[in-house]
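**Q** Here is a sequence together with a model predicted from it:
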Amino acid sequence: MLREFKTFLMRGNVVDLAVAVVLGAAFGAIVTSFVNDLLMPPVGLLLGRVSFNDLFVSLSGRSYPTLAAAKAAGAPTLNYGVFINALLNFVIVAFAVFLLVRQANRLKGPPAPTRECPQCATAIPISARRCPHCTSELAPRA
């Protein structure tokens, strides 16, 4: 059982997935820092010296100068500024993944040529002699 588990862990897909998760976490930290430390301060300055991390609504009805003060007082809050930062993080990560997948698709090249199975209308390779979907025999391509 231990040998089987080791074989499972050392398969290429599992190792690739582990590397992707580690790199994704590191990339997420970089994007979070970019949004919080580089992008949002100038945006906040342009909007009248607003710190997005301090944009919140106190549900207790009392007014607090900062989110930290509201949290220290134990007041329930809706932290929409933190949500805006998280939303920007997501958009930046999603755009970066989009660019990565787009480039990977370009490197793959065009898909292999196919033809349609006359029995089930499934796309199959041109050189196929039998449909992998419905298993019907196909006439040789002339």
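**A** Everything's here; your move.

**Q** now the residue most central in space within the chain: how far from Leu87?
**A** A centroid search over the chain (C-alpha atoms, centre = their mean) returns Ala94, at 5.1 Å, as the residue closest to the centre. When distances are taken as C-beta to C-beta, to the nearest Å, Ala94 and Leu87 turn out to be 10 Å apart. (C-beta placed from N, C-alpha, C; glycine too.)

**Q** wait, what's in contact with Cys131?
**A** Taking C-beta atoms under 8 Å, 6 or more residues apart in numbering as the definition of contact, the neighbours of Cys131 are Cys117, Gln119, Cys120, Thr122, Ile124, Leu138.

**Q** burial measure for the closest residue to the second one other than its chain neighbours, as a count.
**A** Okay, so that is Gln119. In space, not counting the residues next to it along the chain, Gln119 is nearest to Ser136; the distance is 4.3 Å by C-beta to C-beta, 6 or more residues apart in numbering. Using other C-beta atoms under 10 Å, Ser136 has 11 neighbouring residues.

**Q** so where's this structure shaky on pLDDT?
**A** Across the chain, the ranges flagged by pLDDT under 70 are 12, 141-142.

**Q** what are the ranges of the helices in it?
**A** Here the chain has its helices, by DSSP state H, at 2-10, 12-33, 40-46, 67-72, 80-108.

**Q** which parts of the second one are buried?
**A** Looking back up the chat, that one is helix 12-33. For helix 12-33, the neighbour count (16 or more other C-beta atoms under 10 Å) marks Val31, Thr32 as buried.

**Q** List the backbone torsions phi and psi for the nearest residue to Arg62 once chain neighbours are set aside.
**A** Taking C-beta to C-beta, 6+ apart as the measure, Arg62 lies nearest to Ala75, with 6.3 Å between them; neighbours along the chain are not counted. Here is the backbone geometry of Ala75 (degrees, to the nearest 10): phi -80, psi 140.
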